[in-house]
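Chemist: Task: produce atomic coordinates for the following.
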Amino acid sequence: MHELTLAESMIEIVENAAAQAGVTKVTRVRLSIGALAHVESEALLYCCDVVSRGGAAAGAFFEVERPPGRARCNACGQDFVLDHLMLGCPHCTAHDLLVLDGEQMRVVEIGVA
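Modeler: Now for the predicted structure:
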């Protein structure tokens, strides 16, 4: 379950940011996990809740936004929204794609008390 490792990394980012800001209580964490990042949102949220226990983010509300994937077809040059890496270009069906967006994993916002 790589979601646990991701949660540990994200909570470390949140805890470090809180400590640097002198904050002892994090109330909300918004994460951006691209649609092509191969991450199960519900599993990640559960792991964030577990990993955050005992720290500044304990009991915080975690939410995940899922920006869509975007790709460019190297065969026909078209840009398009991509939901899954196994799909080909909707314009020419080629599979030679350049992923432009949707693989990111970021802590976007941290709410504090």
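Chemist: use CA for all of it now, contacts and neighbours both
Modeler: Noted.
Chemist: Arg30 and Arg70, how far apart?
Modeler: 21 Å (Cα to Cα, to the nearest Å).
Chemist: Which residue of the two possesses the greater neighbour count?
Modeler: Between Arg30 and Arg70, counting by other Cα atoms under 10 Å, Arg70 is the more crowded of the two (21 against 16).
Chemist: What is the neighbour count of the closest residue in space to the more buried one that isn't next to it in sequence?
Modeler: Nearest residue to Arg70 in three dimensions, chain neighbours excluded: Val81, at 4.5 Å (Cα to Cα, 6 or more residues apart in numbering). Val81: 16 surrounding residues under other Cα under 10 Å.
Chemist: now do Ala21
Modeler: 9.
Chemist: ok now do it, which residues does it touch?
Modeler: Applying Cα atoms under 8 Å, 6 or more residues apart in numbering to Ala21 gives no contacts.
Chemist: do that again at 10 Å, thanks
Modeler: Glu15 (Cα atoms under 10 Å, 6 or more residues apart in numbering).
Chemist: Same check on the one 4 residues further on?
Modeler: Taking Cα under 10 Å, 6+ apart as the contact definition, Lys25 lies against 15, 18-19, 55-60, 111-113.
Chemist: which SS state does Leu4 fall under?
Modeler: helix (DSSP: H, G, I helix; E, B strand; the rest coil).
Chemist: From Pro67, how far out is it?
Modeler: Counting by Cα to Cα, the gap from Leu4 to Pro67 is 21 Å.
Chemist: For Ile110, which non-adjacent residue is closest in space?
Modeler: Ile110 sits nearest to Val29 (Cα to Cα, 6+ apart), 4.7 Å away.
Chemist: Which residue ranges of the protein form helices?
Modeler: Using DSSP state H, the helices of the chain run over 2-21, 41-52.
Chemist: Provide a list of residues in contact with Glu65.
Modeler: Per Cα under 10 Å, 6+ apart, neighbours of Glu65: 30-35, 41, 106, 108.
Chemist: buried subset of those residues?
Modeler: 30-35, 41 (16 or more other Cα atoms under 10 Å).
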